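Trainee: please find the sequence and the predicted model below.
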Amino acid sequence: MIPALCFEGVTFSYGAVPALEQLSFSIAPGERVALLGRNGAGKSTVVRLVAGIQQPRDGTVWVGDWDTRDCVPEQLAWRVGSLFQHADQQLFAPTVRDDVSFGPRALGVGVREVERRTDHALEDLDLTAHAAHHPYDLPPALRKLAALAGALALEPALLVLDEPTAGLDRALSARVIRALLERSAGGVALLVVTHDLTFAAEALDRGLVLDRGRLECDEPLAGLLGAGPRLEPLGLSPPPVAALSAALDLPDRPVRAADAARALARVARGKGAP
Amino acid sequence: MKSLTLEHASFWYPATEAPALRDVSLEVAQGEIVALVGALGAGASTLLLVAADLAPRVTGGRLTGAVARRDRSGIVLPVPWTQASGMAFTVWDEVAFGPANLGWPAHEIARQVDRALEQLELVPLASRDPATLSGGELQRVIIAAILAMDPGLLLFDEPATELDAAGAQMVWRLMRRLAGEGKAILLATSALDAVPDVADRVVWLEDGAVRAVGAPDLLADVAVCEAGLGTSVATVWRASGLPGPYPPTVAHAVRRWR
């Protein structure tokens, strides 16, 4: 099977400032991958390379069987939906609906198909009631969801998202998680840059950690987030649920809230409730 | 000493019938950190705009009730790039923009800018162009630019959204230090797990009105958890079916568990 995304020895720098060094990894269709690391580790650069906004200096970025060097960003939009860090800057149409439908319209798919994709994306994120609003009349958190809906409406094989839950409360994050799990179950690969490890634990399975442009970790997220002492040198701190599991020594150290609640209940029954 | 007092404040945005704030009474004392929590649309951002004297003065709309400020206020808005001046080509100049507009003498501007850059660990970035910064770096620059004006009342709307774990920790620690120096701080945040270690008091807003006020363990209250505003630890505890009161933090949970 061809990976949805493959970095082969990718090196990139901004002028003299190195951003990525010999970065290699690949993501299979349907995989849910978190891209983690401190501010300035190179995470957003990865997003820009995948979207075709930047080209690698060395190495190759493969989106499916396309070399991004041979594609302009408009072509890549057939396969990649992106959410950039400042999602506000992605919105420009007079209504949320126009904005969300821009991608599929630009791809040139039929009118009915544009409608279907737009409706689906708006419904997935519970934005239907806001479809006729001007994006800038919405609070920043909903603007972010509107930009995400625009990426979903492309119905790409790969979603590359930069901080999709920054500034979102738990209820809005839950909408994002639900929409991403649904897309991934349909075979869409996810690469998500995030500092929100609570969200990462709930929505994603595999963790890549960048540190100063190098790949320091590539492993299942559950084990990584439960490994407290290893996180700190990477600029990460364990999310509260993982910290709770570790502090109470819950079996299997769950990192998702529902798993932790079940483990807590089981152990409490065993020891006769605290 | 009260830095900010709202008495029965209600606010309507222009051309809207339903108020965004309803009969809100709230005090923030010097040296105190008060956290506003609530669902989307609960009114936390609006309350900060009213406290900053931006609503209705800049936004338009209508305010009833009384708002009294003892100190000059500074507000950090939720999306940092919207707050950059766009008129500065170095981080140092960006941070100096506010104090320069206050008409301070040059040596005082320099003193405040240097101090603010140190507080936000931005000294190595002082000569960078703000347009080249990452989201987290720009967020720290905006916070520094507000601190450089030395406001007595600090208003923060989601100050940690763009920051990594270390950056967020630094900002929370800085807030405690500023409160220790006598600043009054009013904070709207969805980073509920940080609140117990940061805030002195929590105000739960619902539909524009104050639903409850309490110590930070309010975020482990049954009704707050039901509304989806409990801390992660309290939420897991509740979901496990264990009896209340729920622990708000890991440290509380460990004590309960023994």
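Mentor: That came through, no problem.
Trainee: so which elements touch the lowest-mean-pLDDT helix or strand in chain A?
Mentor: For chain A, using mean pLDDT, DSSP states H and E, the weakest element among its helices and strands is helix A:228-231, scoring a mean of 86. The contact analysis (3 or more Cβ pairs under 8 Å, 6 or more residues apart in numbering or on different chains; DSSP states H and E) places helix A:228-231 against helix A:221-226, helix A:240-247. In short, each C-beta sits where N, CA and C put it, glycine included.
Trainee: how about these in TSV, adding distance to A:Trp62?
Mentor: Converted to TSV, the helices and strands packed on helix A:228-231 look like this (distance: least, Cβ to Cβ, whole Å):
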stretch	distance to A:Trp62
helix A:221-226	24
helix A:240-247	33
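Trainee: need the winner for burial among these.
Mentor: Burial of these is given as mean neighbour count (mean count of other Cβ atoms under 10 Å in any protein chain shown); helix A:240-247 ranks first at a mean of 24.
Trainee: which residues touch the least confident helix or strand of chain A?
Mentor: Residues from elsewhere that reach helix A:228-231 (Cβ atoms under 8 Å, 6 or more residues apart in numbering or on different chains): A:Leu224, A:Leu225, A:Ser237, A:Pro238, A:Ala242, A:Ala243, A:Ala246.
Trainee: could you identify the most distant pair in these?
Mentor: A:Leu224 and A:Ala243 (13.6 Å; Cβ to Cβ).
Trainee: can you list the buried residues in the least confident helix or strand of chain A?
Mentor: A:Arg230, A:Leu231 (16 or more other Cβ atoms under 10 Å in any protein chain shown).
Trainee: likewise for stretch A:42-57?
Mentor: Using 16+ other Cβ under 10 Å as the test for burial, stretch A:42-57 gives A:42-52, A:54, A:56.
Trainee: picking up where we left off before, do you know which of the helices and strands packed on helix A:228-231 lies nearest chain B?
Mentor: helix A:240-247 (3.9 Å; Cβ to the nearest Cβ).
Trainee: are that closest one and chain B in contact anywhere?
Mentor: Yes - for helix A:240-247 and chain B, the contact criterion (Cβ under 8 Å from any Cβ of the partner chain) is met by A:Pro240, A:Val241, A:Ala243, A:Leu244, A:Ala247.
Trainee: show me the contacts for the second one.
Mentor: Meaning A:Val241. With contacts defined as Cβ under 8 Å, 6+ apart, the neighbours of A:Val241 are A:Thr198, A:Ala201, A:Pro254, A:Val255, A:Arg256, A:Ala257, A:Ala260, B:Ser232, B:Val233, B:Val236.
Trainee: pLDDT and neighbour count for those residues - can I get that in a markdown table?
Mentor: Compiled in a markdown table, those are given as follows (pLDDT from 0 to 100; neighbours: other Cβ atoms under 10 Å in any protein chain shown):
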| residue | pLDDT | neighbour count |
| --- | --- | --- |
| A:Thr198 | 95 | 23 |
| A:Ala201 | 97 | 28 |
| A:Pro254 | 96 | 22 |
| A:Val255 | 95 | 26 |
| A:Arg256 | 96 | 20 |
| A:Ala257 | 96 | 22 |
| A:Ala260 | 97 | 28 |
| B:Ser232 | 96 | 24 |
| B:Val233 | 97 | 27 |
| B:Val236 | 97 | 29 |
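Trainee: mind putting those into TSV with secondary structure?
Mentor: Shown next, in TSV, are the contacts of A:Val241 (DSSP: H, G, I helix; E, B strand; the rest coil):
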residue	secondary structure
A:Thr198	helix
A:Ala201	helix
A:Pro254	coil
A:Val255	coil
A:Arg256	coil
A:Ala257	helix
A:Ala260	helix
B:Ser232	helix
B:Val233	helix
B:Val236	helix
